[in-house]
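Trainee: turn this into a model:
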Amino acid sequence: MVELVETMLKLHKDLPKAKTPHEQESLQRQISATDKQTDALEYELYGLTRDEIAIDEGWAK
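Mentor: Predicted structure coming up:
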């Protein structure tokens, strides 16, 4: 978890320094992937059910 958070902080720090749209998009994709990994670990850590995850993710109606 700590590694993922450190990665996220670095990616967000690097984003404003991106020189091309391609580089920005690549960083955004890495940020999204890291965020999903962090979420998955949190859900596992707290033992959330599929319904609870749906509520957290905004899937619930």
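Trainee: in the longest helix anywhere in the chain, what's buried?
Mentor: In the chain, assigned by DSSP state H, the helix with the most residues is helix 21-46. For helix 21-46, burial by neighbour count (16 or more other Cβ atoms under 10 Å) applies to 27, 30-31, 34, 43. To be clear about C-beta, it is placed using only N, CA and C from the backbone, and glycine gets the same treatment.
Trainee: distance to D51 and pLDDT added to those, as a markdown table?
Mentor: Formatted as a markdown table, these follow (distance: Cβ to Cβ, whole Å; pLDDT from 0 to 100):
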| residue | distance to D51 | pLDDT |
| --- | --- | --- |
| L27 | 33 | 97 |
| Q30 | 30 | 98 |
| I31 | 27 | 97 |
| T34 | 25 | 97 |
| Y43 | 12 | 95 |
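Trainee: M8: which of these is nearest?
Mentor: M8 lies nearest to T34 out of the buried residues of helix 21-46, by Cβ to Cβ, at 5.1 Å.
Trainee: contacting residues around the residue most central in space within the chain?
Mentor: Nearest residue to the geometric centre of the chain (Cα atoms, centre = their mean): D35, 0.8 Å. Residues in contact with D35 (Cβ atoms under 8 Å, 6 or more residues apart in numbering) are M8.
Trainee: so what's it scoring on pLDDT?
Mentor: pLDDT for D35: 95.
Trainee: make residue 1 into 43 and carry on from there
Mentor: Noted, 43 is the first residue going forward, which turns the last one into D77.
Trainee: how near is D93 to D81?
Mentor: 16 Å (Cβ to Cβ, to the nearest Å).
Trainee: how close does L90 sit to L69?
Mentor: Applying Cβ to Cβ to L90 and L69 gives a distance of 28 Å.
Trainee: same thing with I95?
Mentor: Note on I95: its distance to L69, by Cβ to Cβ, is 26 Å.
Trainee: any idea of the angle the least confident helix or strand in the chain by mean pLDDT forms with helix 63-88?
Mentor: Sorted by mean pLDDT, DSSP states H and E, the helices and strands of the chain end with helix 92-99, the least confident at a mean of 90. With axes from the mean of the first three to the mean of the last three Cα atoms, to 10 degrees as the basis, helix 92-99 and helix 63-88 are set at 140 degrees to each other.
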